[in-house]
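1. Sequence and predicted structure are below.
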Amino acid sequence: MNVEQRVLELVKLSEFIKAFLAKNPENFNENDLEFDQILRKSEIENPWFTQESQILALEQWVSVLNESQIKQWINQYSENETQKRVGLILAGNIPLVGFHDVISVIFSNHIPVIKLSSKDRLMLSFLLKKWKEFSNGDLQYEIVEKLENFDAVIATGSNNTARYLEYYFKNSASIIRKNRTSVAVISGNETDEELQLLATDIFQYYGLGCRNVTRLFIPEDFVIDRLFESFVGYKEIINHNKYANNYDYNRAVYLLNQELFWDNNFVMLKEDEKLFSPLSVINFSRYENLDEVKQFIAENEENIQCVVSQIDGFENSVKMGEAQNPGLDTYADNIDTMKFLSEI
């Protein structure tokens, strides 16, 4: 594989996406119209994938797929001389969530054999087709209904699905990913603007990503109203039918069970030690000192994707507003995918 050429092809793909996003629909050419139809069809097939969410994902990919960042990433690894077939079972919780695995396999000089999620079936296929055009047909990948004839596998599923995947692929080199979520630690000294950035980490993609915050740690004297004030920018989220259904259901359950919760008509805050919270609900707990927070995070390390905080000293932490902006060298489940691919 000519790595330099492959980088330039991916940059061309990124520039194609960027140009599409910048255009007025009145000026769309044939390629743009096809791209636009993909966005529209994806939302019809999966209502969580609104055009706004898909465009957000595309913008985030454009921000990292430039020549300098790609080279800085891949130059950390040596190229494989022996090409292998790597099966990919992709998730579909947020748009293009499996794109990083595909790119990693390609830049490891392997062939991705891709089983798409039924929830994210169209966009990745379209972008790979365009990448292949920019490579003059040289890009190798396969999209399949069933994984066969592979040398290794990277699969993402629920905790329940993962047990079956681990058994099924027990004789293969594999990465099997499970459910994860993210947490935020609030010091109480944050500005209103910083708490508004935290709202982004909570509500982007309707809270469906593993990098979305579902659990808050707040100081004992922190005023809950500050959170609700910071969330106001996302009040329109309740107009999404599927989100509203989750909100109505969870609110009804809490009322029937006479459970204590705080409500602002589009999201609920519940004092609960659980790491994972239902959609439309954010769990929180109050802390006396940061040591107990760090202990909780350490005990739940396998279930936490990242920690969002303005406080320094947390491993795998990002600043508020950055949870959904991972770099190319940020790996799901904190397992170095490129290192795994270099050793198969």
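-> Okay, I see it. These numbers come from a predicted model, not from an experiment.
2. Residue 70: how many residues sit nearby?
-> Neighbour count of residue 70, defined by other CB atoms under 10 Å: 21. C-beta here means a position set from N, CA and C on the backbone, and glycine is covered the same way.
3. Could you number the chain from 44 rather than 1 from now on?
-> Shifting the count to begin at 44 puts that one at residue 113.
4. secondary structure class for it?
-> Put simply, residue 113 is helix when judged by DSSP: H, G, I helix; E, B strand; the rest coil.
5. Look up which helix or strand the nearest residue to residue 169 once chain neighbours are set aside falls in, please.
-> Nearest non-adjacent residue to residue 169, counting by CB to CB, 6 or more residues apart in numbering: residue 81, 4.8 Å away. For residue 81, the element it lies in under DSSP states H and E is helix 73-88.
6. separation between the residue nearest to residue 169 and residue 170?
-> 9 Å (CB to CB, to the nearest Å).
7. Which one's more surrounded, these two?
-> residue 170 (21 against 17).
8. Just say helix, strand or coil for the more buried one.
-> Assigned with three-state DSSP, residue 170 falls in the helix class.
9. ok, the closest residue to it other than its chain neighbours - how many residues close by?
-> Nearest residue to residue 170, sequence neighbours excluded (CB to CB, 6+ apart): residue 56, at 6.5 Å. By the criterion of other CB under 10 Å, residue 56 has 21 neighbours.
10. And for the one helix or strand residue 56 maps to, what's in contact with it?
-> If you go by DSSP H and E, residue 56 is part of helix 46-65. The contact list for helix 46-65, computed with CB atoms under 8 Å, 6 or more residues apart in numbering, reads 74-75, 78-79, 98, 101-102, 104-105, 108-110, 113-114, 117, 122, 146, 149-150, 170, 173-174, 177-178, 182.
11. ranges for the helices of this protein?
-> In the chain, the segments counted as helices under DSSP state H are 46-65, 73-88, 94-107, 110-117, 142-150, 166-177, 202-211, 235-246, 267-274, 284-299, 333-342, 380-386.
12. Which one of those helices has the poorest average confidence?
-> With a mean of 89, helix 202-211 has the lowest mean pLDDT of the helices of the chain.
13. Give me the contact list for that one.
-> Applying CB under 8 Å, 6+ apart, the contact partners of helix 202-211 are 132, 198, 200, 217, 219, 220, 221, 222.
14. now do 10 Å
-> Residues outside helix 202-211 that contact it (CB atoms under 10 Å, 6 or more residues apart in numbering) are 132, 190, 196, 198-201, 217, 219-223, 346.
15. Please spell out the PyMOL selection for the buried subset of these.
-> To isolate the buried members of those in PyMOL, using 16 or more other CB atoms under 10 Å:
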select buried, resi 132+190+196+198+199+200+217+219+220+221+222+223+346
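16. Go through the contacts of helix 202-211 and name the one nearest residue 378.
-> Among those, residue 220 lies closest to residue 378 (CB to CB), at 7.9 Å.
17. ok, now which ones touch the closest one?
-> Residue 220 is in contact with 132, 134, 144, 197-201, 204-205, 208, 253, 375-376, 378, counting by CB under 10 Å, 6+ apart.
18. Which members of those residues occur in strands, if any?
-> With DSSP state E as the criterion, strands contain 132, 197, 198, 199 from among those.
19. show me the contacts for the first one.
-> Listed by CB under 10 Å, 6+ apart, the contact set of residue 132 reads 141, 144, 156-160, 190, 196-200, 204, 208, 212, 219-220.
20. Tell me what it is bridged to.
-> Judged by DSSP bridges, the bridge partners of residue 132 are residue 158, residue 198.
21. Going through the contacts of helix 46-65, which ones are buried?
-> Among those, those that count as buried by neighbour count (16+ other CB under 10 Å) are 78, 101, 104-105, 108-109, 113, 117, 146, 149-150, 170, 173-174, 177-178, 182.
22. mind checking how far the residue of the chain positioned farthest from its centre is from residue 382?
-> For the chain, the largest distance from the centre (CA atoms, centre = their mean) belongs to residue 301, which lies 34.2 Å off. With the distance defined as CB to CB, residue 301 ends up 51 Å from residue 382.
23. Could you do residue 145 as well?
-> Look at residue 145 and residue 382: by CB to CB, they are 17 Å apart.
24. other SSEs contacting the helix holding residue 81?
-> helix 46-65, helix 94-107, helix 166-177 (3 or more CB pairs under 10 Å, 6 or more residues apart in numbering; DSSP states H and E).
25. ok so, going back, deepest in the core, which of the helices of the chain is it.
-> Ranked by mean neighbour count, those are led by helix 142-150 with a mean of 22 (mean count of other CB atoms under 10 Å).
26. In CSV, list the C-alpha atoms belonging to that one.
-> What follows is helix 142-150, C-alpha atoms only, in CSV (Å, rounded to 0.1, in the frame of the first residue of the first chain):
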residue,chain,number,x,y,z
PHE,A,142,-15.9,4.8,10.4
HIS,A,143,-12.8,4.9,12.7
ASP,A,144,-12.5,1.1,12.6
VAL,A,145,-12.8,1.0,8.9
ILE,A,146,-10.1,3.7,8.4
SER,A,147,-7.8,1.9,11.0
VAL,A,148,-8.0,-1.3,9.1
ILE,A,149,-7.3,0.3,5.7
PHE,A,150,-4.3,2.2,7.1
